[in-house]
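>>> what's the 3D shape of this:
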Amino acid sequence: MNCSMHHTVLLSYGMEKRLDPVTLQLFWDFVKAKEQLLKSPYFPVLFSFTAYMTFCLPYIALDFLSTKVPAVRKYKIQPLSYPTLGMMVPCMIQCVYHHIVFIFPVTVAHWYWRPVDLPVMAPELPRVLLDVTVCLLLFDFQYFLWHLLHHKVPWLYKTFHKVHHKHVSTFALTTQYSSVWELLSLGFFAAINPVLLNCHPLTEMIFFLVNIWLSVEDHSGYELPWSTNRLMPFGLYGGAPHHDLHHLKFKCNYAPYFTHWDRLFGTLAQARSQQ
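Predicted structure coming up:
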């Protein structure tokens with residue numbers, strides 16, 4: 001094959017990759033254009049905090065609306081409990097403090113240990129969906145074991161996990177209202193799984209976004225018509241009602257997202273779905 005023909009084949013392959021409807025190439029090219037930001041040691045903590053607050057804000061708005069609008073109130077899992085500004089502000093202050101004092105140094109160390117590599121090609125969409133799903137399932141298993149252990153061992157509960165159970169009726173900002181140990185150890189699980197699976201950086205970012213969203217939804221205190229547990233069939237996914245019941249009853253529903261581990265270990269308590 002002469003050089004001209006070889007060049008034509010490469011161009012054709014590149015165009016096919018770009019036009020292939022199951023690739024994320026155009027989006028990845030857009031993301032890569034911000035390469036200087038992505039490779040900055042500040043990016044991971046900014047990404048995490050911005051995503052968290054963005055996902056919390058709609059539920060914060062619902063919390064204020066639900067006290068005045070019955071149409072919103074009917075979707076609240078515990079309709080007699082409302083978070084006040086006095087409850088939200090300490091959660092917010094702690095979140096900012098943890099991100100600045102603890103999460104930022106850890107993410108800088110991670111950035112130094114594992115420099116960001118941005119490949120030219122985007123991952124295929126089926127591979128992204130598979131990797132994100134496997135990362136979620138792994139995290140769900142790790143969280144289940146961690147959570148169960150911290151409830152069964154009194155010292156672990158009192159020392160590390162008790163602070164997260166301050167609020168029996170959860171709201172979005174309680175998602176990260178926890179001890180530093182809990183925040184960092186669960187953050188480690190979330191960070192290590194894409195590395196173990198050798199995920200594409202774009203897949204890694206998508207997984208982090210999905211994981212943060214699901215965590216916030218779990219603690220939101222609302223079961224909306226489009227809530228994840230309503231979209232997933234056969235009760236495979238517990239969602240906000242599942243986790244809200246854990247905070248209410250304490251000794252059940254240890255898995256954060258899916259229900260199969262609680263079924264297997266006999267720790268599943270069924271939540272009454274909102275009508």
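>>> All the helices of this protein, in order from the start?
For the chain, the helices defined by DSSP state H cover 3-19, 25-32, 35-38, 43-66, 70-73, 85-98, 104-113, 125-152, 154-156, 180-196, 201-219, 228-231, 239-249, 260-265.
>>> So for the third one, what gets flagged as buried?
Buried residues in helix 35-38, counting neighbours by 16 or more other CB atoms under 10 Å, are found at residue 38. Just so you know, the C-beta spots here come from the backbone N, C-alpha and C atoms, and that holds for glycine as well.
>>> quick one: average pLDDT of that helix?
Helix 35-38 shows a mean pLDDT of 89.
>>> follow-up on the earlier one: nearest to residue 172 among the helices of the chain would be which one?
With CB to CB as the criterion, residue 172 lies closest to helix 43-66 of the helices of the chain, at 3.7 Å.
>>> any weak-confidence spans in this structure?
By pLDDT under 70, the weakly predicted segments of the chain are 1-22, 271-275.
>>> change it to 50
Low-confidence segments of the chain (pLDDT under 50): 1-19, 21, 274-275.
>>> sorry, back to before: want to throw the helices of the chain into CSV with distance to residue 165?
Converted to CSV, the helices of the chain look like this (distance: least, CB to CB, whole Å):
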stretch, distance to residue 165
helix 3-19, 49
helix 25-32, 38
helix 35-38, 37
helix 43-66, 19
helix 70-73, 25
helix 85-98, 14
helix 104-113, 24
helix 125-152, 9
helix 154-156, 13
helix 180-196, 11
helix 201-219, 12
helix 228-231, 21
helix 239-249, 6
helix 260-265, 17
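>>> Go through those and name the closest to residue 173.
With CB to CB as the criterion, residue 173 lies closest to helix 85-98 of these, at 3.8 Å.
>>> list the buried ones in stretch 68-79?
Along stretch 68-79, these residues count as buried under the neighbour rule (16+ other CB under 10 Å): 72, 73, 75, 76, 77.
>>> in terms of contact, does the third one touch residue 222 like I think?
Yes: taking CB atoms under 8 Å as the contact criterion, residue 75 and residue 222 are neighbours in contact, 5.0 Å apart.
>>> Give me the common contacts of these two.
Counting by CB atoms under 8 Å, 6 or more residues apart in numbering, the residues touching both residue 75 and residue 222 are residue 62.
>>> In contact with residue 23, which residues?
Residue 23 is in contact with 17, 122, 123, 124, 125, counting by CB under 8 Å, 6+ apart.
>>> next one: residue 191
Taking CB under 8 Å, 6+ apart as the contact definition, residue 191 lies against residue 110.
>>> Can you give me the distance of it to residue 92?
Distance of residue 191 to residue 92, computed by CB to CB, to the nearest Å: 24 Å.
>>> And residue 101, by the same measure?
Residue 101 is 15 Å from residue 92, where distance means CB to CB.
>>> Quick check on the two: which one has the bigger neighbour count.
Summary of the neighbour comparison: residue 101 and residue 92, criterion other CB atoms under 10 Å, with residue 92 having more neighbours (16 against 10).
>>> Nearest residue to the more buried one in space, please, no chain neighbours.
Leaving out its chain neighbours, the residue that sits closest to residue 92 by CB to CB, 6 or more residues apart in numbering is residue 173, at 6.1 Å.
>>> Could you verify my assumption that the one you found touches residue 94?
No: the pair residue 173 and residue 94 does not pass the contact test of CB under 8 Å, sitting 9.2 Å apart.
>>> more neighbours, these two?
The residue with more neighbours, out of residue 173 and residue 94, is residue 173; 26 against 18, by other CB under 10 Å.
>>> what residues are up against the more buried one?
Contacts of residue 173 by CB under 8 Å, 6+ apart are 56, 60, 83, 88, 91, 92, 95.
>>> hmm, try it at 10 Å
52-53, 56, 59-60, 63, 83, 87-92, 94-95, 167, 216, 219-220 (CB atoms under 10 Å, 6 or more residues apart in numbering).
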